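Colleague: after the sequence you'll find the predicted model.
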Amino acid sequence: MYSAETVLTWTDASEISTTTPAYCGVWVYTVTDENSDPLDPSVFTLSLAGKTLSIQTSDPNKIGTYTVLVEATQGVYAAQKIQKQFVVTVTDLC
């Protein structure tokens, strides 16, 4: 294993909103790389239903940094996106 598994979680309360989903709709999330392409499945496991992103690989060719973009929209306000970007570094444990 070249990187110990890391699991990131979030909740709807992670986003700032003074309204309830009953009024504005449910939160919808997308998680991609910085180019809005899908994340590499040999490194990332995404569960939108569980609101988790697991990071782990056993492939030494995957050591490096990855930029992850999370976008959240709420119901009828799909044009008003909240975006957060962060960098993940996969390291060799040896």
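Modeller: Nice, thanks for sending it over. Residues are numbered from 1 along each chain as shown.
Colleague: could you check the pLDDT of the spatially most central residue of the chain?
Modeller: Nearest to the centroid of the C-alpha atoms of the chain, with distances taken as Cα atoms, centre = their mean, sits Val31, at 4.3 Å. Val31 carries a pLDDT value of 93.
Colleague: which stretches of the protein have low pLDDT?
Modeller: 1-4, 12-22 (pLDDT under 70).
Colleague: let's see it at 90
Modeller: 1-29, 48-52, 57-60, 72-84, 90-94 (pLDDT under 90).
Colleague: okay, helices next: where are they in it?
Modeller: Applying DSSP state H to the chain gives helices spanning 21-24.
Colleague: mind listing the strands for it?
Modeller: 3-9, 27-33, 44-47, 52-57, 64-74, 82-90 (DSSP state E).
Colleague: does the residue nearest to the centre of the chain touch Thr45 like I think?
Modeller: No: taking contacts as Cβ atoms under 8 Å, Val31 lies outside contact range of Thr45: 10.8 Å. Placement of C-beta: from N, CA and C, glycine included.
Colleague: overlap of the contact sets of the two?
Modeller: Leu53 (Cβ atoms under 8 Å, 6 or more residues apart in numbering).
Colleague: chain center to stretch 24-34, what's the gap?
Modeller: 9 Å (Cα atoms, centre = their mean, to the nearest Å).
Colleague: can you list contacts of that stretch?
Modeller: With Cβ under 8 Å, 6+ apart as the criterion, stretch 24-34 contacts 10, 12, 15, 17, 21, 38-40, 46, 48, 51, 53, 66-78, 85.
Colleague: about what we covered before: run through the bridge partners of the residue nearest to the centre of the chain.
Modeller: On the basis of DSSP bridges, Val31 is bridged to Val70.
Colleague: roughly how far does it sit from Asp92?
Modeller: Distance, Val31 to Asp92, using Cβ to Cβ, to the nearest Å: 25 Å.
Colleague: with Tyr66 instead?
Modeller: 15 Å.
Colleague: so for these two, which residue has more residues nearby?
Modeller: Set Tyr66 next to Asp92 and count neighbours by other Cβ atoms under 10 Å: Tyr66 wins out with 17 against 9.
Colleague: contacts only, for the more buried one.
Modeller: 33, 39-40, 43-44, 87-90.
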